[in-house]
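1. Next come a sequence and a model predicted from it.
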Amino acid sequence: MANEAYQTTKSEFNSNGGQILLYYIGDVLYGVEIQYITEIISVSPITVVPRVPSFIKGVINIRGKVIPVISVRAKINKPEIPYDDKTCIIIVDINDLTVGLIVDSVREISTVLPTDTCTAPDYKQANEDQYVKSIIDSGGEIKQLLDVHKLILE
């Protein structure tokens, strides 16, 4: 993905399944619904903004538009690591708000069937921040679909 941006096609993810973009934070595979994604870019210079929560790394300029950038690692309480050539920023649009999500690497777009999903655990502290929307078990792998609304808006 380095130095290349690509546009995604919009298809809604719902109870009938749909498409998600899979990405890594460490060795854990996460997903975000494709309908929210505008593009994926390599990490560009981030301008630090004072007095913002620690998960907000600053802002970037994309074609004249200033966009806040959030570290998904920091938001889900994972330790920060240095960016490398696989680190990407996923640009998402939620309710007319455009935000960049920094992830360790992007894997692929995957089609998810309704039979592959189950609700996220709600046992004690298992999903404490409620960021995990559902668990996807397909192709012999477990993936966590994050609730992009809660991730960004809370």
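-> All right, it came through fine.
2. what ranges do the helices span in the protein?
-> Counting by DSSP state H, the segments of the chain that form helices are 72-75, 148-153.
3. Extract the residue ranges of the protein that are flagged as low pLDDT.
-> 1-16, 120-129 (pLDDT under 70).
4. sorry, back to before: out of the helices of the chain, which comes closest to S138?
-> helix 148-153 (19.6 Å; C-beta to C-beta). Every residue, glycine included, has its C-beta placed from N, CA and C.
5. where along the protein do the strands fall?
-> All strands of the chain, identified by DSSP state E, fall at 6-7, 18-25, 28-33, 37-42, 56-62, 65-71, 88-94, 97-103, 105-112, 117-119, 132-138, 141-146.
6. Please export the C-alpha coordinates of the fifth one as PDB.
-> The C-alpha trace of strand 56-62 is given here as PDB (Å, rounded to 0.1, in the frame of the first residue of the first chain):
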ATOM      1  CA  ILE A  56      -5.500  11.900  18.300                       C
ATOM      2  CA  LYS A  57      -2.100  12.100  16.600                       C
ATOM      3  CA  GLY A  58      -2.800  15.400  14.900                       C
ATOM      4  CA  VAL A  59      -4.000  16.400  11.400                       C
ATOM      5  CA  ILE A  60      -3.000  15.800   7.800                       C
ATOM      6  CA  ASN A  61      -3.700  17.700   4.600                       C
ATOM      7  CA  ILE A  62      -5.300  15.700   1.800                       C
END
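7. May I see the buried residues of it?
-> Buried residues in strand 56-62, counted by 16 or more other C-beta atoms under 10 Å: I56, K57, G58, V59, I60, I62.
8. related to what we said a few turns ago, how about JSON lines for the helices of the chain, with distance to I20 and mean neighbour count added?
-> Below are these laid out as JSON lines (distance: least, C-beta to C-beta, whole Å; neighbours: other C-beta atoms under 10 Å):
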{"stretch": "helix 72-75", "distance to I20": "14", "mean neighbour count": "19"}
{"stretch": "helix 148-153", "distance to I20": "10", "mean neighbour count": "17"}
